[in-house]
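*Asks:* Sequence first, predicted coordinates after that:
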Number of protein chains: 2
Amino acid sequence: MAENHPLELLVQALRRLPGVGVKSAQRMAYHLLQHDREGALHLAQALQHACAEVRHCALCHTFTEDDVCATCRDPRRDHSQLCVVENPADLAAMERTGAYKGLYFVLMGKLSPLDDVGPRDIGLQKLFDRVDAPAGGEAGAEREVREVILATNFTAEGETTAHVIAQGLKARGVNVTRLARGVPVGSELEYVDLGTIAHALVDRR
Amino acid sequence: MAENHPLELLVQALRRLPGVGVKSAQRMAYHLLQHDREGALHLAQALQHACAEVRHCALCHTFTEDDVCATCRDPRRDHSQLCVVENPADLAAMERTGAYKGLYFVLMGKLSPLDDVGPRDIGLQKLFDRVDAPAGGEAGAEREVREVILATNFTAEGETTAHVIAQGLKARGVNVTRLARGVPVGSELEYVDLGTIAHALVDRR
């Protein structure tokens, strides 16, 4: 098929989606054109709409339509706690627990030296500035944030990111905590990996 | 997140792609908005362009921008042979072999009673009309198509489709053949499934 054929261009465009190879892209293109052109046009609109409307919250950096997101604006939340997560999906998981009433900071990534992602790429300075911000925005006032809860993933990259952030924040004299490591709810010890059991033993309470 | 949030609408739209669940759709949306907005807008354009431009070839039913596709228009191809495939990807696979110089008919589907896909849904009548068409389009002239090669997939649905088409065409007195079943090139007998070996034995030459 010619390279500038609209179908071929669509397959190429679909391949830019993460996790989509040439076979999946072809299958998607054929499916949309054969069975769901309405869905294709709907997707095109949703892409354009989202690109035009979605920006980052000035305070927590998550995706939002507004300058400051609804969570950061909510006066009923505890503004002295700041939970650091890697991405909006992690924020959504924290929210679904219903166990956290503070604010968030979304890194939109993680430190990953192998992929050439350093502190600047994930805006750590923005996090430090956020933590240093005085209460009510008045210069000279005390810091609003009293505790930073590190909720990056428990992967190698997530742990590295948490470590680097903790170093930076401890130098600022902020109280830094990390989500507890331990045995997941509902699991049988026999099937839990050894590292997890060892951590749960050390952190027993 | 609110249901009418542009990000949530994008996730919903991405879920209409085949093989994409809610987690993949979220990952795609986050990736596009965070790292590849250009790619997102590019995809939106490609979708709209393809929906507007791509139609079905009047003769072989494959996707094309023109009324009749380049393959069907090609005077160097053997117009007396017609190869029936399930979809454009199968057509592309046949073309890549370089071993076939005839024309095609793309079913754009397969008979699948379990999914409620019957002969009308995949346009079998269109195939029969195509086979019956007289040479040069002159009424009363002889049939142009002398041999129909069934190249539907060797799955249960593909075999059923081939069987139904063969029945319909034999009633019309057309020469109907099916791709040979046998041992794939480069394979060791020890690892080939028994059904394939049995077929290869019966069809030995």
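*Replies:* Looks like it arrived, so ask away.
*Asks:* At the geometric centre of chain A, which residue sits there?
*Replies:* Centroid-nearest residue in chain A, with C-alpha atoms, centre = their mean: A:Asn87, separated by 0.7 Å.
*Asks:* what pLDDT, on average, does the longest strand along chain A get?
*Replies:* As assigned by DSSP state E, the longest strand anywhere in chain A is strand A:78-85. Throughout strand A:78-85, pLDDT has a mean value of 94.
*Asks:* List the buried residues in that strand.
*Replies:* By 16 or more other C-beta atoms under 10 Å in any protein chain shown, the buried positions in strand A:78-85 come out as A:His79, A:Gln81, A:Leu82, A:Cys83, A:Val84, A:Val85. Any C-beta I mention is one placed from the backbone N, CA and C, and that applies to glycine too.
*Asks:* Among those residues, which one sits closest to chain B?
*Replies:* Of all the buried residues of strand A:78-85, A:Val85 has the smallest distance to chain B: 12.4 Å, by C-beta to the nearest C-beta.
*Asks:* can you map out the helices along chain A?
*Replies:* A:6-14, A:22-35, A:37-53, A:70-73, A:88-97, A:124-132, A:156-170, A:194-202 (DSSP state H).
*Asks:* can you list the weak-confidence ranges in chain A?
*Replies:* Residue ranges of chain A with pLDDT under 70: A:1-3, A:136-137.
*Asks:* Please repeat the previous calculation with a cut-off of 80.
*Replies:* A:1-4, A:123, A:135-142, A:205 (pLDDT under 80).
*Asks:* what's the closest non-adjacent residue to A:His49?
*Replies:* B:Pro6 (5.0 Å; C-beta to C-beta, 6 or more residues apart in numbering or on different chains).
*Asks:* One more: A:Arg15?
*Replies:* A:Ala25 (4.6 Å).
*Asks:* got a list of what the one you found touches?
*Replies:* Neighbouring residues of A:Ala25 by C-beta atoms under 8 Å, 6 or more residues apart in numbering or on different chains: A:Val11, A:Gln12, A:Leu14, A:Arg15, A:Leu17.
*Asks:* isn't the third one right up against B:His42?
*Replies:* It stands for A:Leu14. No. The criterion here is C-beta atoms under 8 Å, and A:Leu14 misses it with B:His42 at 10.3 Å.
*Asks:* The two: who's more crowded?
*Replies:* A:Leu14 (23 against 16; other C-beta atoms under 10 Å in any protein chain shown).
*Asks:* Contact partners for that one?
*Replies:* Contacts of A:Leu14 (C-beta under 8 Å, 6+ apart): A:Val20, A:Ser24, A:Ala25, A:Met28, A:Ala29, B:Leu43, B:Ala46.
*Asks:* Select from those residues the one having the most neighbours.
*Replies:* A:Ala29 (29 neighbours).
*Asks:* Quick check: the gap between it and A:Asp78.
*Replies:* Using C-beta to C-beta, to the nearest Å, A:Ala29 is found at 48 Å from A:Asp78.
*Asks:* With A:Asp67 instead?
*Replies:* In terms of C-beta to C-beta, A:Asp67 sits 22 Å off from A:Asp78.
*Asks:* Please apply the same query to A:Ala162.
*Replies:* 21 Å.
*Asks:* residues in contact with A:Gly140?
*Replies:* Contacts of A:Gly140 by C-beta under 8 Å, 6+ apart are A:Pro134.
*Asks:* thinking again about what came up before, distance to chain B for the buried residues of strand A:78-85 - can I get that in TSV?
*Replies:* Formatted as TSV, the buried residues of strand A:78-85 follow (distance: C-beta to the nearest C-beta, whole Å):
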residue	distance to chain B
A:His79	21
A:Gln81	21
A:Leu82	20
A:Cys83	17
A:Val84	17
A:Val85	12
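*Asks:* Next, format the residues you listed as CSV and append distance to A:Pro184.
*Replies:* Below are the buried residues of strand A:78-85 laid out as CSV (distance: C-beta to C-beta, whole Å):
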residue, distance to A:Pro184
A:His79, 31
A:Gln81, 24
A:Leu82, 25
A:Cys83, 20
A:Val84, 21
A:Val85, 19
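*Asks:* from the residues you listed, which is closest to B:Tyr104?
*Replies:* A:Val85 (52.1 Å; C-beta to C-beta).
*Asks:* I figured the closest one hits A:Ala92, correct?
*Replies:* No. At 9.3 Å, A:Val85 does not count as touching A:Ala92 under the criterion of C-beta under 8 Å.
*Asks:* A:Gln45 and chain B, how far apart?
*Replies:* As for A:Gln45, its distance to chain B is 8 Å (criterion: C-beta to the nearest C-beta, to the nearest Å).
*Asks:* again, but for A:Leu41
*Replies:* 6 Å.
*Asks:* what's the closest non-adjacent residue to that residue?
*Replies:* A:Leu41 sits nearest to B:Cys51 (C-beta to C-beta, 6+ apart), 5.7 Å away.
*Asks:* Number of residues surrounding that neighbour?
*Replies:* Count around B:Cys51 with other C-beta under 10 Å applied: 18.
*Asks:* wait, doesn't it sit right on A:His42?
*Replies:* No. Using C-beta under 8 Å, B:Cys51 is not in contact with A:His42, being 10.5 Å away.
*Asks:* wait, what's in contact with the residue lying closest to A:Glu53 once chain neighbours are set aside?
*Replies:* Spatial nearest neighbour of A:Glu53, excluding adjacent residues (C-beta to C-beta, 6+ apart): B:Pro6 at 4.4 Å. Residues in contact with B:Pro6, defined by C-beta under 8 Å, 6+ apart, are A:Ala46, A:His49, A:Ala50, A:Ala52, A:Glu53, A:Val54, A:Glu65.
*Asks:* ditto for A:Gly182
*Replies:* So A:Gly182 contacts A:Thr196, A:His199, A:Ala200, A:Asp203 (C-beta under 8 Å, 6+ apart).
*Asks:* do the same with A:Ala13
*Replies:* A:Ala13 neighbours (C-beta under 8 Å, 6+ apart): B:Gly39, B:His42, B:Leu43, B:Gln45, B:Ala46, B:Leu47.
*Asks:* Let's see that with 10 Å instead.
*Replies:* A:Ala13 makes contact with A:25, A:29, B:39-47, B:49-50, according to C-beta atoms under 10 Å, 6 or more residues apart in numbering or on different chains.
*Asks:* now these in a markdown table, with distance to A:Gly168?
*Replies:* Listed next are the contacts of A:Ala13 as a markdown table, based on distance: C-beta to C-beta, whole Å:
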| residue | distance to A:Gly168 |
| --- | --- |
| A:Ala25 | 41 |
| A:Ala29 | 46 |
| B:Gly39 | 33 |
| B:Ala40 | 33 |
| B:Leu41 | 36 |
| B:His42 | 37 |
| B:Leu43 | 37 |
| B:Ala44 | 39 |
| B:Gln45 | 42 |
| B:Ala46 | 42 |
| B:Leu47 | 43 |
| B:His49 | 47 |
| B:Ala50 | 48 |
